[in-house]
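Visitor: Sharing a model prediction with you, sequence too.
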There are 2 protein chains.
Amino acid sequence: MFSKVLTVDDLGSINQGLNTILETLGVKEIHQSHYCDEALLKIKKSNMDGDPFQLVITDLSFKPDHHNQKIVSGEGLAEAIKEEFPDTKVIVYSIEDRIHPIKRLIQQMQVEGYVCKGRRGLQELSEAIKKVYEDQIFLSSEVSGVLHSNNDLEIDDFDIELLRQLSFGLSQNDISDYLKKKNMTPSSLSSIEKRISKLRVQFKANNVIHLVAISKDLGLI
Amino acid sequence: MFSKVLTVDDLGSINQGLNTILETLGVKEIHQSHYCDEALLKIKKSNMDGDPFQLVITDLSFKPDHHNQKIVSGEGLAEAIKEEFPDTKVIVYSIEDRIHPIKRLIQQMQVEGYVCKGRRGLQELSEAIKKVYEDQIFLSSEVSGVLHSNNDLEIDDFDIELLRQLSFGLSQNDISDYLKKKNMTPSSLSSIEKRISKLRVQFKANNVIHLVAISKDLGLI
DNA sequence: TATTTCCTTACGGTTTTCCACAAGGACATT
DNA sequence: AATGTCCTTGTGGAAAACCGTAAGGAAATA
């Protein structure tokens, strides 16, 4: 079993349930952080000392504070960890149950596990830790369909940016001008119409309002 | 101090931090529920037995389950409690930090306190319990501006319904027809345009897409 | 009763979105 | 070189949204 684990959340108190799980599994050293920046520092230090954390368990959402933090979310933390210390295993443990952000964590950030907080959260977290220790990926039963549902596989960064600009209230003409100014392609009004139309078909949206609402519900934007 | 308190969340394990707070404050009887329906049953029973819960502390979001529940959210639970047992104090303790849902809890549901989960969550919860015991209302510092910001005071149920229908992809014409069919007033296309225009001004939205996006961010819909 | 105010409804004109079709260019295959 | 495919861009017309103006009606006020 892992011998040195870091847990990161913004509870402001020790997370007793989580600690108990880790102790039960035989983890010797259990450390805690309440801030992402502090967590990353601890991880760096442990690596410099030659005694790195083998596993990091982090929440996703951290409330802002009077302290200004560079990293403000578990997603950012996961990204930073995987960039600098790709061998450190990461399990994300959060209330989030929307497909897209989780897919992003697994596919882009390459985290080893995702567990939904909730009724079976701690049980699943225990399973997740065991699986990850055996070099497997673990996904909560609630979101196990994430990797197979190729519903939004063909949605690229351009689409996301398009949806974001739309949700900011730009007209399709505005977006076209914006893209032309930045010399990005495609930028024609016609192309933008086409993309939006494609997205609307994919998400079965009646119009752009509906499309943006769906995108927000899915956590796409 | 309260002597009999019920806590409701879907953690699936005892919430040790919360229990400790309650014990420290001198609460004798601490009960727990993991489902809203079960919580309401316990409250009913305690009232029938002549030994009612004096305070209920509940989360807002409960993950659905294989059990089908009548009440699926803390908001519904608060509503049911206040309807049937208006003397029972209710404090909501949740991650939610959007203004509107919280305003709704305080103003519509008449709950006595709202505490944001987060860094200072448990400390604030302790303060909240003491305040509520003294017949005062308590709001987390994060959301203390809620009651004064009269930004959306003049938004009524019609507006909400309008925004919801828009987010479902109905055209303004569709909505007009829908309202006419239900003999609801106003129902004319012109009135709908007017309402939407008013909302757009209030929220400084460039178009309906923007308006719906903002409404979703605020938790209005 | 007369007046004011507010809300609903209607109408016309402009802008934007929606949609089908078509032309041009980049790239790979034959 | 010729062909086909994919992507980008353009065009035109119908539908919907946007915006100002105005008429009608209900309730409150004088």
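Guide: It's in. Please read all numbers here as calculations on a predicted model, not as lab measurements.
Visitor: what's the neighbour count on A:Thr58?
Guide: 24 (other Cβ atoms under 10 Å in any protein chain shown). Backbone N, C-alpha and C define where each C-beta goes, glycine included.
Visitor: meant to ask about A:Leu105, not that
Guide: Neighbour count for A:Leu105, taken as other Cβ under 10 Å: 23.
Visitor: Which helix or which strand is home to A:Ile192?
Guide: Assessed by DSSP states H and E, A:Ile192 sits inside helix A:189-202.
Visitor: so after that helix, what's the next helix or strand?
Guide: Next element after helix A:189-202 (DSSP H and E): helix A:208-218.
Visitor: Would you mind pulling the contact partners of that next one?
Guide: Contact partners of helix A:208-218, identified using Cβ atoms under 8 Å, 6 or more residues apart in numbering or on different chains, comprise A:98-100, A:152, A:163, A:166-167, A:196, A:199-200, A:203, A:205, A:221, B:166-169, B:208-209, B:212-213, B:216-217.
Visitor: Same question for stretch A:167-186.
Guide: Residues from elsewhere that reach stretch A:167-186 (Cβ under 8 Å, 6+ apart): A:162, A:165-166, A:187-189, A:192-193, A:195-196, A:212, A:215-216, A:221, B:205-207, B:209-210, B:213.
Visitor: filter these to the buried ones?
Guide: For the contacts of stretch A:167-186, burial is judged from neighbour counts taken by 16 or more other Cβ atoms under 10 Å in any protein chain shown, and it is met by A:162, A:165-166, A:187, A:192, A:195-196, A:212, A:215-216, A:221, B:205, B:207, B:209-210, B:213.
Visitor: Which residues are in contact with A:Glu154?
Guide: A:Gln202.
Visitor: how much space is there between it and A:Lys198?
Guide: Relative to A:Lys198, A:Glu154 is positioned 9 Å away (Cβ to Cβ, to the nearest Å).
Visitor: of the buried ones among the contacts of stretch A:167-186, closest to B:Glu83?
Guide: Using Cβ to Cβ, A:Lys216 comes nearest to B:Glu83 of those, at 31.5 Å.
Visitor: For chain A, which segments are assigned as helices?
Guide: With DSSP state H, the ranges of helices along chain A come out as A:16-24, A:36-48, A:74-84, A:99-107, A:121-133, A:157-167, A:172-181, A:189-202, A:208-218.
Visitor: Among those, single out whichever gets nearest to DNA strand C.
Guide: helix A:172-181 (3.4 Å; Cβ to the nearest atom of the strand).
Visitor: could you check whether that closest one is close to DNA strand C?
Guide: Yes - using Cβ under 7 Å from any atom of the strand, we find that helix A:172-181 touches DNA strand C at A:172-173.
Visitor: Tell me what angle that helix forms with helix A:157-167.
Guide: With axes from the mean of the first three to the mean of the last three Cα atoms, to 10 degrees defining the directions, helix A:172-181 sits at 130 degrees from helix A:157-167.
Visitor: Enumerate the residues of chain A near DNA strand D.
Guide: So chain A meets DNA strand D at A:185-191, A:193-194, A:207 (Cβ under 7 Å from any atom of the strand).
Visitor: try 6 Å this time
Guide: Within chain A, the positions adjacent to DNA strand D are A:185-188, A:190-191, A:194 by Cβ under 6 Å from any atom of the strand.
Visitor: Out of those residues, grab the one that's most surrounded.
Guide: Counting neighbours by other Cβ under 10 Å, A:Ser187 comes out on top of these with 17 neighbours.
Visitor: Quick check: pLDDT value at that residue.
Guide: Looking at A:Ser187, its pLDDT is 94.
Visitor: Quick check: chain neighbours aside, which residue is closest to it?
Guide: A:Leu179 (3.6 Å; Cβ to Cβ, 6 or more residues apart in numbering or on different chains).
Visitor: Show the model's pLDDT score for that neighbour.
Guide: 95.
Visitor: Likewise for A:Asn151?
Guide: On pLDDT, A:Asn151 comes in at 59.
Visitor: Next: the one 5 residues further on.
Guide: At A:Asp156, the pLDDT value in this model is 88.
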